[in-house]
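> Generate coordinates for the sequence data below:
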Amino acid sequence: MFNTTKALVLREVRYKEADRILTLFTASDGKITAKARGALRKKSKTAAATQQLTYSEMTLFGNRGKWTVNEASLIEAFTGLQTDIARFALGCYFAECLEALSVEDQPDPGMLQLGLNGLYALSSGKYEPLLVKAAFELRLMCLSGYEPNVHACAVCGKAEPEEPALSIDNGCVFCRGCRNASMGYSLPLCEDSLAALRYIVSAPAKQLFSFQLGPEPLARLSEAAERYLIAHAERRFSTLDYWKSVR
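Predicted coordinates:
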């Protein structure tokens with residue numbers, strides 16, 4: 001069975017002398033694994049289109065639950081990532097997050113679009129990487145079923161919590177004075193970082209990164225977003241550690 005689809009290459013692993021084993025996020029089938037035979041040969045027609053963090057149109061051949069790349073043509077190489085090791089490392093973190101939180105063989109256009117938009121935002125150089133990272137992490141949590149309740153204090157109901165904080169364990173915001181043991185682990189926010197969090201939860205996909213924050217509010221938002229994702233994904237990410245070592 002042949003299937004022509006668009007795919008984001010989340011991961012590539014060398015196999016034997018010239019093959020690649022790919023983890024793909026496809027438009028038609030969601031996350032799948034595929035073999036790209038001969039992709040590492042110098043004259044391979046699929047070499048460029050099967051590299052990690054590329055978006056390509058691929059013709060895949062499926063047989064007994066296994067996929068092979070028959071043809072591949074590059075759509076977007078995200079070239080800005082190739083010249084900046086820190087941005088590339090952050091892009092790899094995005095890919096690892098998508099791989100961890102997507103479901104095998106289940107299309108998820110919203111998550112795929114988030115991945116593409118996030119990589120484009122990093123590649124373009126128009127946005128602060130820390131802002132892109134925080135927005136990506138929080139929106140990915142929303143798409144994965146862990147959208148935090150940020151509209152009002154979860155205890156007293158105030159629309160604008162006083163000295164707001166985010167409960168990492170429970171996914172809600174609350175006033176500092178309303179904190180109790182049931183909130184579990186939490187991190188302090190501020191007026192601007194709370195406004196940004198609310199924006200990320202509800203913004204249209206194409207405008208997700210269209211906001212600005214000062215250094216301190218961005219630092220608060222960034223820490224909250226990262227801790228929230230790690231807590232609910234229930235795992236660590238090696239690419240995140242690598243990004244922190246080269247940023």
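> what residue is smack in the middle of the protein?
Nearest residue to the geometric centre of the chain (Cα atoms, centre = their mean): Phe94, 3.8 Å.
> right, and it touches Leu119 too?
Yes: counting by Cβ atoms under 8 Å, Phe94 touches Leu119, with 6.4 Å between them. For every residue, glycine as well, the C-beta is placed using N, CA and C.
> Where does the record place the domain boundaries for this structure?
Residue ranges for each domain of the chain read 2-76, 83-246, as given by automatic domain parsing.
> quick revisit: who touches the residue nearest to the centre of the chain in this structure?
115, 118-119, 122, 136 (Cβ atoms under 8 Å, 6 or more residues apart in numbering).
> Ala152 now?
Here Ala152 is in contact with 158-159, 161, 173 (Cβ under 8 Å, 6+ apart).
> Top of those residues by number of neighbours, please.
Val173 (27 neighbours; other Cβ atoms under 10 Å).
> Just the residues contacting the helix or strand encompassing that residue, thanks.
Taking DSSP states H and E as the criterion, Val173 maps to strand 172-174. With Cβ under 8 Å, 6+ apart as the test, strand 172-174 has contacts from 148-150, 152-156, 161, 164-167, 183, 186, 189, 194, 197.
> next one: stretch 97-113
Contacts of stretch 97-113 (Cβ under 8 Å, 6+ apart): 8, 10-11, 23, 25-32, 114-115, 136-137, 140, 143-144, 205, 229, 233, 235, 237.
> Just the buried ones from those residues?
Buried members of the contacts of stretch 97-113, scored by 16 or more other Cβ atoms under 10 Å, are 8, 10-11, 23, 25-27, 29-32, 114-115, 136-137, 140, 143-144, 229, 233, 237.
> List the ones among those residues that fall in strands.
If you go by DSSP state E, these have 8, 10-11, 23, 25-26, 30-32 in strands.
> Redo those as TSV? Include pLDDT and distance to Phe88.
Shown next, in TSV, are those (pLDDT from 0 to 100; distance: Cβ to Cβ, whole Å):
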residue	pLDDT	distance to Phe88
Leu8	98	15
Leu10	98	14
Arg11	97	14
Thr23	98	17
Phe25	98	18
Thr26	97	22
Gly30	96	24
Lys31	97	21
Ile32	97	24
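> Tyr242: which of these is nearest?
Arg11 (13.9 Å; Cβ to Cβ).
> How about that closest one: what's its closest non-neighbour residue?
Of all residues not flanking Arg11 in the chain, Thr23 sits nearest, at 4.1 Å (Cβ to Cβ, 6 or more residues apart in numbering).
> what pairs with the one you found across the strands?
Arg11, Thr33 (DSSP bridges).
> This structure: strands as residue ranges?
Counting by DSSP E, the strands of the chain are 2-15, 19-26, 30-36, 55-63, 66-76, 165-167, 172-174, 186-188.
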